[in-house]
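>>> Quick one, what's the 3D model for this:
(3 chains)
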Amino acid sequence: MSLPRLAASLEALLFVRGNPLTLEELSGLLKTGSAEVEAALSELEKKYSSENSGITVHCSGGRWCLATKPEYDGWISSVLGRSAPLSPAALETLAVIACKEPVTRSEIEQVRGVSADRVLASLMEKGLIEERGRMDIPGKPILYGTTALFLKDTGLSSVEELKTRCMNEITKEESLF
Amino acid sequence: MSLPRLAASLEALLFVRGNPLTLEELSGLLKTGSAEVEAALSELEKKYSSENSGITVHCSGGRWCLATKPEYDGWISSVLGRSAPLSPAALETLAVIACKEPVTRSEIEQVRGVSADRVLASLMEKGLIEERGRMDIPGKPILYGTTALFLKDTGLSSVEELKTRCMNEITKEESLF
Amino acid sequence: MDIFDDTGDYEISLPVFEGPMDLLLHLVEKNRVDIHDIPIHKITDQYLAYMNQARKFDLALGSSFFLMAATLLLIKSRMLLPVRSQDSGDESEDPRRELSRSLEEFRAVKKIKLELEKLMEAERPYRKREPGEVKSGIFDRPISAERLMAFFGALWKKEGREQKEQVFEAEEVSLEDRLKLLRSWLGQCREGILLKQFFLSQHTRMELAVSLVAVLETVRTGEAVLYESMEGLSIRRDCL
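Below you'll find the predicted structure:
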């Protein structure tokens, strides 16, 4: 397949699959080497940047997808509305869950020192966390964990990546002393 | 807004919104006249056709959306397999229409108990249903019916055949009890 | 209280803390003390001072703040007790140990929270496609007549049942019925279906409830397995 044709196929593929895909997945689906896929991705990137285009290829967490260009964010938000950013309490709860998943409500409350009822409901509603069954102890408390949407919204490839990133940061800071 | 800029905004908007939009809706969202929107749409169309692009603007039933180019259909189907089947909602709506055609939107919604707006647009755009004139009652609601493509895709010779087969099946089941 | 407000101006509002841990960590960092050797006397005083200030400012503090205050006072009183000689070598007897560990954990969480905020902020402007009915111009061909009939049949029965409901005002949804529906879905979509989609196709609470039982039943008998797909929790027929 010629490069422009491969790039067009890639574009169609990324468009149909709304979810971000890794280079390996793309290479598998397109039945071509990852070097070719990379070339096609940068071909697309070039096309979107050179033109007056509202969309672009976006990579985060090692996964590629089509997305609107950031400079249109303000405008799209004004037209379609934007979801409110998470409250500090919600972010903090999400951090605890990402850290310890699967985790019960009482464990979360212990770490934060405050009730987590409402925050959990709101995070569930936003689709950022989900129930992961129940713990096998008296009372059978619900276990919570993060979702695929959480990864999509943060651009992380896995929850482990988050931990690694923070650990590196902590080690870096400590080595300063 | 300049035409290329408007076209890019339109592209971003159509991209984010998964569902097709009418010219009036687009004009309202873009806060510009429908003539300008039409110009921007044909600008996009031109851009997609002149280039090696995998996607295009697509209009059906008076609604616009971004879609993959028809020539990629076979390839995407083979690559993604059954990843883009009709949604259960679409299938159910199709069943209602096949059952009662010609039928108005409000009749469909009455049977299914949910709004049929989006699903109808999607079935229209897939060419599985079509408008069959309007009912002669106040409001003159559109009547919907299945298309020849629907018969081709289901392998049925007529809609009556579906009804007969279904009736037979139900009778068979009921005779078991 | 200049630990909270360097200007000393009481008109300026007090910082708001998410919880007692948040306040405690703030005090530890403000005083630049070692988290493993907290000057409990000083920190407790400052903690209580904040609570006093909060009352003056009409800031509603949750019961959790009072619980922590009690814990701090307890630790403080334990620290005042003379250490018995046989215990002196035992480090684990330090009443502050539990608190240090909690604070350390909370500090790690705060770091992750900041990282998350940064990541989400960076990702937000890149809008992805909203899931819609129209994924592309393509769809599966041919539509199996059987699959359509399954819906057809379900609808037929539903209409019949709804009429019955009007008479008896009771909803009858059999497990068998839902199981059959689920199985027909599973049979048609061998690569699996989104649980959410299946549940959304149910129109009444009773139908929904029985559908859930149907899902659990198929999982229990090993007929189907639940798995995590990119779109969410899904179910598919267990081919093995």
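
>>> Give me the number of neighbouring residues for residue 36.
By default, I'm working from chain A. When counting by other CB atoms under 10 Å in any protein chain shown, one arrives at 18 neighbours for A:E36. Placement of C-beta: from N, CA and C, glycine included.

>>> please go with chain C instead
When counting by other CB under 10 Å, one arrives at 12 neighbours for C:H36.

>>> so it touches C:L103, yeah?
No - with contacts defined as CB atoms under 8 Å, C:H36 does not count as touching C:L103, sitting 9.2 Å away.

>>> Assign C:P82 to helix, strand or coil.
Counting by DSSP: H, G, I helix; E, B strand; the rest coil, the backbone at C:P82 sits in coil.

>>> And it, what's its pLDDT?
Note for C:P82: predicted pLDDT of 71.

>>> neighbours around it, how many?
Neighbour count of C:P82, defined by other CB under 10 Å: 5.

>>> How about A:L23?
16.

>>> all helices for chain C, in order.
All helices of chain C, identified by DSSP state H, fall at C:20-30, C:40-56, C:63-80, C:97-123, C:145-168, C:175-188, C:195-200, C:205-220.

>>> what's the most buried one of those helices?
For the helices of chain C, the stretch with the most neighbours on average is helix C:20-30, a mean of 20; neighbours defined as mean count of other CB atoms under 10 Å in any protein chain shown.

>>> For the helices of chain C, could you give me JSON lines that also reports distance to A:T56?
Written out in JSON lines, the entries for the helices of chain C read as follows (distance: least, CB to CB, whole Å):
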{"stretch": "helix C:20-30", "distance to A:T56": "39"}
{"stretch": "helix C:40-56", "distance to A:T56": "48"}
{"stretch": "helix C:63-80", "distance to A:T56": "45"}
{"stretch": "helix C:97-123", "distance to A:T56": "14"}
{"stretch": "helix C:145-168", "distance to A:T56": "38"}
{"stretch": "helix C:175-188", "distance to A:T56": "37"}
{"stretch": "helix C:195-200", "distance to A:T56": "29"}
{"stretch": "helix C:205-220", "distance to A:T56": "40"}
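
>>> Ok, which of the ones you listed comes nearest B:L10?
Between B:L10 and the helices of chain C, the tightest spacing by CB to CB is seen for helix C:97-123, at 23.6 Å.

>>> Output the contacting helices and strands for the closest one.
Contacts of helix C:97-123 with other secondary structure elements, assessed using 3 or more CB pairs under 8 Å, 6 or more residues apart in numbering or on different chains; DSSP states H and E, are made with helix A:88-100, helix A:105-112, helix A:148-154, helix A:159-174, helix C:20-30, helix C:63-80.

>>> ok, now with 6 Å
Packed against helix C:97-123, as judged by 3 or more CB pairs under 6 Å, 6 or more residues apart in numbering or on different chains; DSSP states H and E, are the following elements: helix A:88-100, helix A:148-154, helix A:159-174, helix C:20-30.

>>> Mind putting the ones you listed into a markdown table with mean pLDDT?
A markdown table is the format used below for the helices and strands packed on helix C:97-123 (pLDDT from 0 to 100):
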| stretch | mean pLDDT |
| --- | --- |
| helix A:88-100 | 93 |
| helix A:148-154 | 84 |
| helix A:159-174 | 71 |
| helix C:20-30 | 91 |
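
>>> out of those helices, deepest packed?
Highest mean neighbour count of those: helix A:88-100, a mean of 23 (counted as mean count of other CB under 10 Å).

>>> which helices and strands does that helix pack with?
The helices and strands touching helix A:88-100, judged by 3+ CB pairs under 6 Å, 6+ apart, are helix A:117-125, strand A:142-146, helix C:97-123.
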